[in-house]
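Asks: Dropping the sequence and predicted coords here.
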Amino acid sequence: MAGNDAEFIAVVNDTDPKNGGKSYALKITGNNHAQILGKRIGDVVDGIFVGEGDKTLSGYKLEITGGSDKTGTPLRRDLDGGSRQSILVTQSTGYKGEVVVHKKKGGDKKRFRYKPDGLRRRRNFRGNTITQDTRQINLKVVESGKKTLNAILATEAEEAAE
């Protein structure tokens with residue numbers, strides 16, 4: 001595997017209420033990619049493995065809260081392993097549990113969403129372990145470092161503005 005296949009996109013959620021709950025997207029590549037493989041949802045990882053170059057989050061502790069694979073299939077906390085499984089679910093993680101009805105009335109198209117009681121559907125999910133097929137990992141800050149996330153990642157936003 002080479003190039004794009006050996007990377008994760010880490011979405012880091014800043015839980016500090018002063019920062020308004022902002023999220024930052026960072027890449028995890030190279031040796032750091034190998035450090036994250038095999039971790040599970042709920043595990044705490046060191047922030048030094050997240051980011052590239054001087055944009056690493058050293059001093060931070062991050063908890064894995066979820067993610068998705070290369071096809072957009074969500075990871076689920078209650079499924080073991082990293083394989084793709086089809087399970088019967090009600091409204092929960094990865095499934096909204098709503099039915100969309102289209103009605104045509106006098107030339108106007110109306111769309112209604114409703115949630116019937118007891119609706120269950122078979123949906124695909126991935127297990128709670130991070131594998132090579134995982135593309136996005138959701139992380140939240142458990143322990144902050146010396147610098148704020150905004151200070152570490154601010155130059156990236158300023159470069160994009162110019």
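Replies: Arrived safely, thanks for sending.

Asks: C-alpha only now, for contacts and for neighbours.
Replies: Fine.

Asks: what about the strands in the chain?
Replies: Remark: strands assigned in the chain by DSSP state E are 7-13, 23-29, 44-46, 61-69, 84-89, 99-105, 108-114, 121-126, 134-143.

Asks: which helices and strands does the third one pack with?
Replies: Spelled out, it's strand 44-46. Using 3 or more Cα pairs under 8 Å, 6 or more residues apart in numbering; DSSP states H and E, the elements in contact with strand 44-46 are strand 61-69.

Asks: So what touches the strand it packs on?
Replies: For strand 61-69, contacts defined as Cα atoms under 8 Å, 6 or more residues apart in numbering pick out 40-47, 74-77, 126, 128, 133-144.

Asks: Drop anything exposed from those residues.
Replies: Listed as buried from the contacts of strand 61-69 are 40-41, 44-47, 74-77, 126, 128, 133-142, 144; burial here means 16 or more other Cα atoms under 10 Å.

Asks: rewinding a little: out of the strands of the chain, which is closest to Asp54?
Replies: Closest approach to Asp54 among those (Cα to Cα): strand 23-29, 12.0 Å.

Asks: starting at the chain centroid, how far to the closest one?
Replies: Centroid displacement of strand 23-29 relative to its chain, using Cα atoms, centre = their mean, to the nearest Å, is 10 Å.

Asks: Just the buried residues of it, please?
Replies: 23, 26-29.

Asks: hmm, who's touching it?
Replies: 6-14, 49-52.

Asks: go with 6 Å
Replies: 7-13, 50-51 (Cα atoms under 6 Å, 6 or more residues apart in numbering).

Asks: Now render those residues as JSON lines, adding distance to Pro116 and pLDDT.
Replies: As requested, the contacts of strand 23-29 are exported to JSON lines (distance: Cα to Cα, whole Å; pLDDT from 0 to 100):
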{"residue": "Glu7", "distance to Pro116": "40", "pLDDT": "86"}
{"residue": "Phe8", "distance to Pro116": "37", "pLDDT": "89"}
{"residue": "Ile9", "distance to Pro116": "36", "pLDDT": "92"}
{"residue": "Ala10", "distance to Pro116": "35", "pLDDT": "92"}
{"residue": "Val11", "distance to Pro116": "33", "pLDDT": "92"}
{"residue": "Val12", "distance to Pro116": "35", "pLDDT": "91"}
{"residue": "Asn13", "distance to Pro116": "33", "pLDDT": "90"}
{"residue": "Val50", "distance to Pro116": "42", "pLDDT": "88"}
{"residue": "Gly51", "distance to Pro116": "43", "pLDDT": "83"}
